[in-house]
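Colleague: Okay, here's the prediction I keep looking at, along with the sequence it came from:
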Amino acid sequence: LKIAVLLSVVSSQLEKIMGIYRIHLILSGNSGVGKSSTMKSIVDLFYDNIDGVEDYIILKLTRMTKEALGRLDVKTLDGKVGFVEQLDNVEGIDYIREAMSEDRITTLTTVKDEEGKLVSKTVVIPGQPAFTTTNVTANIDHQILNRSIQLYLSPVEDESIKEKIIRSILMRKSVGEDSKLKLVTYVWLKTRPKDPEFTEAVGSTVTDLLKKFINFKNIYRATEITRNLVRSTASMFNHENITMEDLNFVMNYLKKDIILTTLELSERDLQILRWLRNHGFVQGEKEEETKDVTTSEIAQVVKMSTQETKKLLDVLYDKGLVWKAYDGKRFSWAINNYGIKVLSELEREVQEQKEQEEGDVIIEDQLLAYISSKLLGRETVTEEELRSILQRTAQATDIEVQDLLIDGLEKKKVIQNQGDGTWKVL
């Protein structure tokens, strides 16, 4: 996550090209998971608008009123990073959208002339800033979202890591301004290459990746974002020409997020879709065969309020990835076949199913999801019961086939071998 923030800062210095030429970053997650701290650990290394330096890098804001950005007193927005601590605190969304994708902000406003008469005046601020922010709620303006790469900071579950975080918070020292460090980072940033160029080899490799998702509607935005990530990485490593090492660096850390961008999904969306599939909440061919789950139950899994969870699920429904029903009292949900297909394509590309793909037998996700639905309500299942379920649901009478299915269920974290002839249903 910190790498992505640093790349956004580096992108602010790159030469202008057509379209979006900066990295716009939204860091999402539940309240208190460390989103702002993660952002600040990088942006605080650079001069900001309260440091008294004319050529500052970071425009650090906690709130922005409706027309403030269009009246900003700067010569250019190029070379700047707009950091708003929380997206909810931005009123001027229209200006943000314009600044993220255009090479200037142009405002036609009304002023009084020397005689006191009202006249029209065009105010132009050239350039395009990089924009970074954090977000808690599910409500993100669609045009903001599809111009950005959205990363998700999940809550820490490991108790030992939680303990380290608690101790680090307790042991924090007073914050002082390190002007020498900011001078060093300023010089470092300003001496990076401004216009790293793609080679044919790198361009072909990126094209081969993205063309697999060519039918998804955000593919062109995702291409711009990928290009900007790779250009910024090359600049960060002081490369005038983009190398395969630069591309591999981006793919190592951000490949899944790039693919999610083509699908207009976030890591949190992926978490919900995967949970629905792995626990058998799948739309059946007939309505009575559909295994669904309520909003409140999903909210407990993603650790969000029921209201915010409902908003996320509605977005997934609008994208055609989930089934929805309402019985007059509450909504219920299930992943549909298209949602399973999208999830499978993503997992294959990021090699989350590498072992399964390298085998001679590929088990369909729909089949595993259907088997999972027959395990609902159980805490454990014996080997005899499990093999009986496989015979009924998958017509798997051969023990070797049953073993493959059991292995698939374990890899999907639907069941866990207890080592005593029973499996725990997860």
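Modeller: All right, it came through fine.

Colleague: so who does Ile214 touch?
Modeller: Neighbour list for Ile214: empty [criterion: C-beta atoms under 8 Å, 6 or more residues apart in numbering]. For every residue, glycine as well, the C-beta is placed using N, CA and C.

Colleague: buried stuff in stretch 37-56?
Modeller: Thr38, Met39, Ile42, Val43, Asp44, Leu45, Phe46, Tyr47, Asp48, Asn49, Tyr56 (16 or more other C-beta atoms under 10 Å).

Colleague: Could you list which residues are in contact with the third one?
Modeller: Looking back up the chat, that one is Ile42. Contacts for Ile42 (C-beta under 8 Å, 6+ apart) come out as Lys2, Val5, Leu6, Val9.

Colleague: Kindly report the same for the fourth one.
Modeller: For Val43, the residues meeting the contact criterion (C-beta under 8 Å, 6+ apart) are Val5, Val9, Ile58, Lys60, Val81, Phe83, Thr132.

Colleague: and the residues you listed, which of them are in strands?
Modeller: Using DSSP state E, Ile58, Lys60, Val81, Phe83, Thr132 are the members of those that sit in strands.

Colleague: could you pull out the strands for the stretch 201-350 of the chain?
Modeller: Chain-ordered strands for the stretch 201-350 of the chain, with DSSP state E, counting those that start in this stretch as the definition, fall at 293-294, 322-326, 331-335.

Colleague: Give me the buried stretch members for the second one, please.
Modeller: This means strand 322-326. The neighbour-count criterion (16+ other C-beta under 10 Å) identifies Val322, Trp323, Lys324 as the buried residues of strand 322-326.

Colleague: cool, and stretch 241-256?
Modeller: Ile242, Thr243, Asp246, Leu247, Phe249, Val250, Met251, Leu254, Lys255, Lys256.

Colleague: Do you know the pLDDT at the fifth one?
Modeller: Looking back up the chat, that one is Phe249. For Phe249, the model assigns a pLDDT of 90.

Colleague: related to what we said a few turns ago, which one, of the strands of the stretch 201-350 of the chain, ends up nearest to His279?
Modeller: Comparison of those against His279 by C-beta to C-beta identifies strand 293-294 as nearest, at 7.6 Å.

Colleague: how much distance is there from the closest one to the middle of the chain?
Modeller: Here the centre of mass of C-alpha atoms in strand 293-294, compared against the chain's by C-alpha atoms, centre = their mean, to the nearest Å, lies 25 Å away.

Colleague: So that it lines up with my notes, have the first residue be 10 from now on.
Modeller: That works, and once the first residue is 10, the last one we named lands at strand 302-303.

Colleague: What strands line up against that strand, and which way round?
Modeller: strand 340-344 (antiparallel) (DSSP bridges).

Colleague: Run the angle between the strand it pairs with and strand 331-335 for me.
Modeller: Taking axes from the mean of the first three to the mean of the last three C-alpha atoms, to 10 degrees, one finds that strand 340-344 is oriented at 160 degrees with respect to strand 331-335.

Colleague: what's next to strand 340-344, contact-wise?
Modeller: In this structure, residues lying in contact with strand 340-344 by C-beta under 8 Å, 6+ apart are 282, 285-286, 290-292, 299-304, 307, 319, 322, 326, 330-335, 352, 378.

Colleague: Same check on stretch 287-297?
Modeller: Residues outside stretch 287-297 that contact it (C-beta under 8 Å, 6+ apart): 285, 299-302, 332, 342-346, 349, 375, 378-385, 421-423, 435.

Colleague: and what of stretch 207-215?
Modeller: Stretch 207-215 is contacted by residues Thr235, Arg236, Val239, Asn250, Ile251, Thr252, Met253, Asp255, Leu256 when judged by C-beta under 8 Å, 6+ apart.

Colleague: pLDDT of it, averaged?
Modeller: Across stretch 207-215, pLDDT averages out at 90.

Colleague: Please state the offset of that stretch from the chain centre?
Modeller: Here stretch 207-215 is found 24 Å from its chain centre; the criterion is C-alpha atoms, centre = their mean.

Colleague: Can you dump the C-alpha atoms of that stretch in CSV for me?
Modeller: Extracted in CSV, the C-alpha atoms of stretch 207-215 (Å, rounded to 0.1, in the frame of the first residue of the first chain):
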residue,chain,number,x,y,z
PHE,A,207,7.8,2.1,-23.1
THR,A,208,9.8,-0.5,-25.1
GLU,A,209,8.1,-2.8,-27.6
ALA,A,210,8.7,-5.8,-25.3
VAL,A,211,7.1,-4.2,-22.2
GLY,A,212,4.2,-2.9,-24.3
SER,A,213,3.5,-6.3,-25.7
THR,A,214,3.6,-8.0,-22.3
VAL,A,215,1.1,-5.5,-20.8
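
Colleague: in it, what's buried?
Modeller: Of all the residues in stretch 207-215, those buried under the rule 16+ other C-beta under 10 Å are Phe207, Val211, Val215.

Colleague: With stretch 190-201 instead?
Modeller: Of the residues in stretch 190-201, Lys191, Thr194, Tyr195, Leu198, Arg201 count as buried by neighbour count, 16+ other C-beta under 10 Å.

Colleague: will you turn those into JSON lines that also has secondary structure, pLDDT and distance to Met313?
Modeller: Conversion of the buried residues of stretch 190-201 to JSON lines gives the following (DSSP: H, G, I helix; E, B strand; the rest coil; pLDDT from 0 to 100; distance: C-beta to C-beta, whole Å):
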{"residue": "Lys191", "secondary structure": "helix", "pLDDT": "88", "distance to Met313": "37"}
{"residue": "Thr194", "secondary structure": "helix", "pLDDT": "91", "distance to Met313": "36"}
{"residue": "Tyr195", "secondary structure": "helix", "pLDDT": "92", "distance to Met313": "39"}
{"residue": "Leu198", "secondary structure": "helix", "pLDDT": "94", "distance to Met313": "37"}
{"residue": "Arg201", "secondary structure": "coil", "pLDDT": "94", "distance to Met313": "39"}
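
Colleague: so which of the contacts of Val52 comes closest to Ile398?
Modeller: When the contacts of Val52 are ranked by distance to Ile398 (C-beta to C-beta), Val14 comes first, at 47.4 Å.
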